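**Student:** pasting the structure only:
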């Protein structure tokens, strides 16, 4: 991605075994740096980046790193890269400043360490500026910003060019954030992105279908992976009440009430407001499958607002889900909205075994009660 | 005039023939919102619930005076739809669509600001001025006109909470859903500035949630500039921490954005905070 936008990166080979690492080091023909490939920052500090002087040494380090756990991620692959002849290291990042709703570019004269640390210890070494999103980043904007960290001459021009190209990466890939850290200045004056990170906005994936599969593969929790496939926001927790709502705000409010009342949510599923029958079905079916495979789950609690959603969307989705994955635990529905629509939902669900509650407090207390009782007795359907 | 819109506001619906638009257009018509036209490219000349449909906003605007547009077009087309409304000189928009790309949101925000158009959303339930008009899907049974304004980030909560308050006899001046996304057209502070000048509004309920810095910013404003009573609620106090927080983003926020930081900011501004959804009515009633 960075290379395509004209940003130089070190020569490197992605490897999955120690023998591949050795071969890569021979191919590169000089000292190499071995970097664990995980989806988190701060890996250098955690021991996920090491230097190898010889190919044999590269193999040994690779053996140690593969399979280890770093920042909660298992290391499955490594990047073997040429070791750069470093004169100076910078930081460059672009993200969205949501207070103002505009992109903000940040640069620091202290590369290679976390930007948050620099911000705390040496705020004077950082410069930042907003960028008008209706235009591309202008060369003079980049120059004015980079001047502030003391670069001059050729270094100033090279760094400015890279910053405008980084802005192109940011827009071309619909990034929430792009970072080069460190941006290395070598002894022959080249500027190379030794490490970089790009976080793509999930909502933009329709413009980047090539990333959709990768996104799903990279989610570790299998249920959260299912959530993405089902088109819902799913967060796995470890309690006994499987919670779903058609709004993140309501789902969070229910989560708070459940916890305050001494209950334990098993998960948090938000279908989003503009509910379709299919999304409703997918959400409920996901919870039913989760309940089948996780004996800790004792009850499913669903909240839907009938303002955004029609009764047959809500009830139809539930019925279809139960048809697909027969329920062997209680399913409870709290439905808010016009009385007329609530009655229709009631009517549609009367043979489904789903219990309907008109109020949040009673619904939540009932769900907690069931969960507690089931933990003691085991549920008989 | 209440804030943004009132009973005389002429409304356009963009994407009027879509599924959700159909549901909510019905709700708005039932509330006697003055919907004068709809737009769906390729369906010009048709009607929806008796409302004339045009191929473009410009066409609609040449036949009708339009004060506000409610946008339902699918996420990939939202940026164009918003630019189209702005270019046609429409001064207020409600962008209902959810899952809108971040980069579309920042462009809409910049262009709207440049051209002097205000908006709420994306990813909002809309807004209602009780007894006057409703734009979007805010439908709170039993809500009567009065002095309390509700400003809410979450969609369904902008129905749940007004209904609860109505049951307790609380009367409302306005209900506004700001939208759940990080970059929205109007933040709490923007709405507070308008409510400060709104004679009908005597007190404000702010309904926030974890993430972003909107609540901290609002609390700071209330402390120094706001002259009416405010109570607040933050959803997600017990939610697990998000996983997607980027480094540069984390730095801008510098420790803000958690429920604790928001609750503390409100408390420092003298704003009582409801612990749960269930506590909101009693706090609000103390203002009236």
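**Tutor:** Structure's in. What do you need? All of these numbers come straight from a predicted model, not from anything done at the bench.
**Student:** contacting residues around residue A:319?
**Tutor:** For residue A:319, the set of contacting residues under the criterion of C-beta atoms under 8 Å, 6 or more residues apart in numbering or on different chains consists of A:348, A:349, A:352. Heads up, the C-betas are built off the backbone N, CA and C, glycines and all.
**Student:** nearest spatial neighbour of the residue of the stretch 151-288 of chain B found nearest chain A, skipping sequence neighbours?
**Tutor:** For the stretch 151-288 of chain B, the residue closest to chain A is residue B:154, as judged by C-beta to the nearest C-beta, at 2.0 Å. Leaving out its chain neighbours, the residue that sits closest to residue B:154 by C-beta to C-beta, 6 or more residues apart in numbering or on different chains is residue A:249, at 2.0 Å.
**Student:** That neighbour: what's it in contact with?
**Tutor:** Listed by C-beta under 8 Å, 6+ apart, the contact set of residue A:249 reads B:152, B:153, B:154, B:155, B:156, B:157, B:180, B:207, B:209, B:235.
**Student:** what about 7 Å?
**Tutor:** The contact partners of residue A:249, taken as C-beta atoms under 7 Å, 6 or more residues apart in numbering or on different chains, are B:153, B:154, B:155, B:156, B:157, B:180, B:209, B:235.
**Student:** and the fifth one, how many neighbours does it have?
**Tutor:** Counted with other C-beta atoms under 10 Å in any protein chain shown, the neighbours of residue B:157 add up to 28.
**Student:** wait, doesn't it sit right on residue B:209?
**Tutor:** No - here residue B:157 does not reach residue B:209: they are 8.5 Å apart, not a contact under C-beta atoms under 7 Å.
**Student:** so how many other residues sit close to residue A:189?
**Tutor:** The number of residues packed around residue A:189, counting by other C-beta under 10 Å, is 11.
**Student:** What is the three-state secondary structure of it?
**Tutor:** Using DSSP: H, G, I helix; E, B strand; the rest coil, the structure places residue A:189 in coil.
**Student:** wait, it sits on residue A:157?
**Tutor:** No - at 10.7 Å, residue A:189 and residue A:157 do not qualify as touching, with contact defined as C-beta under 7 Å.
**Student:** what do residue B:157 and residue B:209 both touch?
**Tutor:** Common neighbours of residue B:157 and residue B:209, using C-beta under 7 Å, 6+ apart, are A:249, B:235.
**Student:** Got the domain ranges for chain A?
**Tutor:** Using automatic domain parsing, the domain ranges for chain A come out as A:12-82, A:86-209, A:220-377.
**Student:** Show me where the chain dips below the pLDDT cut-off.
**Tutor:** Just so you know, I chose chain A. Counting by pLDDT under 70, chain A contains low-confidence residues at A:40-42, A:273-274, A:307-308, A:374-381.
**Student:** Not quite, go with chain B.
**Tutor:** Scanning chain B for pLDDT under 70 picks out B:1, B:241-256, B:288.
**Student:** all strands in it, in order from the N-terminus.
**Tutor:** With DSSP state E as the definition, chain B shows strands at residue ranges B:10-14, B:34-39, B:47-48, B:51-54, B:68-71, B:92-95, B:118-120, B:126-129, B:133-136, B:145-152, B:172-177, B:203-209, B:229-235, B:273-274.
**Student:** about what we covered before: which stretch among the domains of chain A comes nearest residue B:229?
**Tutor:** Proximity of these to residue B:229 was assessed by C-beta to C-beta; the nearest stretch is domain A:220-377, lying at 22.4 Å.
**Student:** chain center to the closest one, what's the gap?
**Tutor:** Distance of domain A:220-377 from its chain centroid, counting by C-alpha atoms, centre = their mean, to the nearest Å, is 24 Å.
**Student:** follow-up on the earlier one: export the domains of chain A to CSV and tack on distance to residue B:70?
**Tutor:** Listed next are the domains of chain A as CSV, based on distance: least, C-beta to C-beta, whole Å:
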stretch, distance to residue B:70
domain A:12-82, 39
domain A:86-209, 20
domain A:220-377, 14
